[in-house]
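*Asks:* fold the following and give me the result.
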Amino acid sequence: MLKNGLENLLGGSFPELEGKRLGLLSNQASTDRRLIHARVLLQEKFGVCLTCLFSPQHGFFCEKQDNMVESGHATDGLTGLPLFSLYGETRRPSRAMYDHLDVLLIDLVDVGTRVYTFLYTMAYCLEAAARFGKKVVVLDRPNPLGGVAVEGNILEPDCASFVGLYPLPMRHGLTFGELARWVNGEFALGADLQVIPMRGWERAMLFADTGFPWVFPSPNMPTPDTALVYPGQVIWEGTNISEGRGTTLPFELVGAPFWEHGPILEALARTELPGCLFRPLVFEPTSGKWAGQDCVGFQLHVTDAAGFLPYRASLALLQAVVRLYPEEFRYKQPPYEYEFERLPMDLILGSQKVRRELEDGRPLGEMEGDWKEGLRRFQERRKRYFLYSE
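*Replies:* Below is the predicted model:
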């Protein structure tokens, strides 16, 4: 039976934590397999040594629906502990926050995609720990996309932002603990870092293979199926196309009032898109883009998760839409994730070149050929930080 890092901490002996003041970065998805929250379990184990809590984007209870919707500091009603927001007036922990702790425990559910911001909140915490002389302990959890496949272009430096600080591909195939080791090692952050690994996790496992319950880590990540398509479907955040927010199937649904099923399906047929099916439908978002209007679009069904290429599938759809609807299609304009000048689509794709080649109609196969060497180098470097063998 798989045990995550939280469960291994609770069931083990860690003398290096005894008597230390502990902080916890988590949100409502940070539970054991019984769905008991980490802060409750840690308070039972460590008592008054658990001194404070931190939350990432979307708030502690994942109540904030969209990007750049901030959370304030608060007091947790259940434990009585101060709760510091790291997605509010600041995204970096301050010295005053770290004065409450000796060790910061990080227990977050990640979704294996470069643009998911929890990774960068963790990186800021590592930087602050190095600066203020604190220790960080990451409690590892499964990557819902597995630990084998990687996909996409490597982020380019001029597109670095809070949705991509480091040269990662869109799908990176690392657990959160491995990401912490990679960031701390590759970029010489100098943090005193410890990872408490899982037991029973294998790199080929998708989330469905873990036997662990899914608790949504952000409001528009309701199921593991959402996580499967997210490495591609997230690109629609940078456009005027609905990515399904305001429906019960965010990121699985995509569309706009000006789309037409036939021409889009004809264009998609020119690219091999393994492991998936775009099923035509019409949906009406209740909020967000095109709220209250019929959107002609698709539900993206994953028919073979092991062979599915989410980034390729969504880029193929984007390329078709850009060509078919030049008058109606628009890129979202800044701001996006606290970037007020650069085009959000470039930040999401991690490359201006990728966007321009899509606009020019360059075949995706050729573009992917250009990415192979960067992916090969990334694959080799990431192995240094593996906690689980291939």
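*Asks:* so what are the domain limits for this structure?
*Replies:* 5-215+380-385, 224-359 (automatic domain parsing).
*Asks:* among those, which comes closest to residue 367?
*Replies:* Of all those, domain 224-359 sits nearest to residue 367, with 5.6 Å by CB to CB. Bear in mind the C-beta positions are built from the backbone N, C-alpha and C, glycine included.
*Asks:* show me the strands in the protein, by range?
*Replies:* Using DSSP state E, the strands of the chain run over 22-25, 50-55, 74-75, 82-85, 103-106, 135-139, 192-196, 253-256, 276-283, 295-302.
*Asks:* starting at the chain centroid, how far to stretch 364-380?
*Replies:* 21 Å (CA atoms, centre = their mean, to the nearest Å).
*Asks:* determine the number of other residues adjacent to residue 356.
*Replies:* The tally of other residues near residue 356 (other CB atoms under 10 Å) stands at 11.
*Asks:* do residue 145 as well
*Replies:* Residue 145 has 27 neighbouring residues, counting by other CB under 10 Å.
*Asks:* who touches it in this structure?
*Replies:* Shown here is residue 145, whose contacts under the criterion CB atoms under 8 Å, 6 or more residues apart in numbering are 111-113, 171, 173, 206-207, 227-228, 231.
*Asks:* quick one: which of those is most hemmed in?
*Replies:* Greatest neighbour count in those, by other CB under 10 Å, goes to residue 231: 30 neighbours.
*Asks:* my read is that that residue contacts residue 112, right?
*Replies:* Yes - counting by CB atoms under 8 Å, residue 112 is a contact partner of residue 231 at 7.2 Å.
*Asks:* returning to that earlier point: redo the strands of the chain as a markdown table? Include mean neighbour count.
*Replies:* Listed next are the strands of the chain as a markdown table, based on neighbours: other CB atoms under 10 Å:
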| stretch | mean neighbour count |
| --- | --- |
| strand 22-25 | 26 |
| strand 50-55 | 23 |
| strand 74-75 | 12 |
| strand 82-85 | 20 |
| strand 103-106 | 26 |
| strand 135-139 | 24 |
| strand 192-196 | 19 |
| strand 253-256 | 26 |
| strand 276-283 | 16 |
| strand 295-302 | 20 |
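*Asks:* for residue 222, find the nearest of these.
*Replies:* Of all those, strand 253-256 sits nearest to residue 222, with 12.1 Å by CB to CB.
*Asks:* how about JSON lines for the domains of the chain, with mean pLDDT and distance to residue 369 added?
*Replies:* JSON lines is the format used below for the domains of the chain (pLDDT from 0 to 100; distance: least, CB to CB, whole Å):
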{"stretch": "domain 5-215+380-385", "mean pLDDT": "96", "distance to residue 369": "11"}
{"stretch": "domain 224-359", "mean pLDDT": "97", "distance to residue 369": "12"}
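*Asks:* I'd like those domains written out as a markdown table, with distance to residue 373 added.
*Replies:* Formatted as a markdown table, these follow (distance: least, CB to CB, whole Å):
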| stretch | distance to residue 373 |
| --- | --- |
| domain 5-215+380-385 | 9 |
| domain 224-359 | 15 |
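*Asks:* ok, residue 109 touching residue 30?
*Replies:* Yes - counting by CB under 8 Å, residue 30 is a contact partner of residue 109 at 6.9 Å.
*Asks:* hang on, the earlier thing: possible to save the strands of the chain as JSON lines with distance to residue 331?
*Replies:* Output for the strands of the chain, formatted as JSON lines (distance: least, CB to CB, whole Å):
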{"stretch": "strand 22-25", "distance to residue 331": "33"}
{"stretch": "strand 50-55", "distance to residue 331": "31"}
{"stretch": "strand 74-75", "distance to residue 331": "36"}
{"stretch": "strand 82-85", "distance to residue 331": "30"}
{"stretch": "strand 103-106", "distance to residue 331": "34"}
{"stretch": "strand 135-139", "distance to residue 331": "36"}
{"stretch": "strand 192-196", "distance to residue 331": "38"}
{"stretch": "strand 253-256", "distance to residue 331": "13"}
{"stretch": "strand 276-283", "distance to residue 331": "22"}
{"stretch": "strand 295-302", "distance to residue 331": "18"}
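*Asks:* out of these, the one nearest residue 328 is which?
*Replies:* When the strands of the chain are compared by CB to CB, strand 253-256 sits nearest residue 328, at 7.4 Å.
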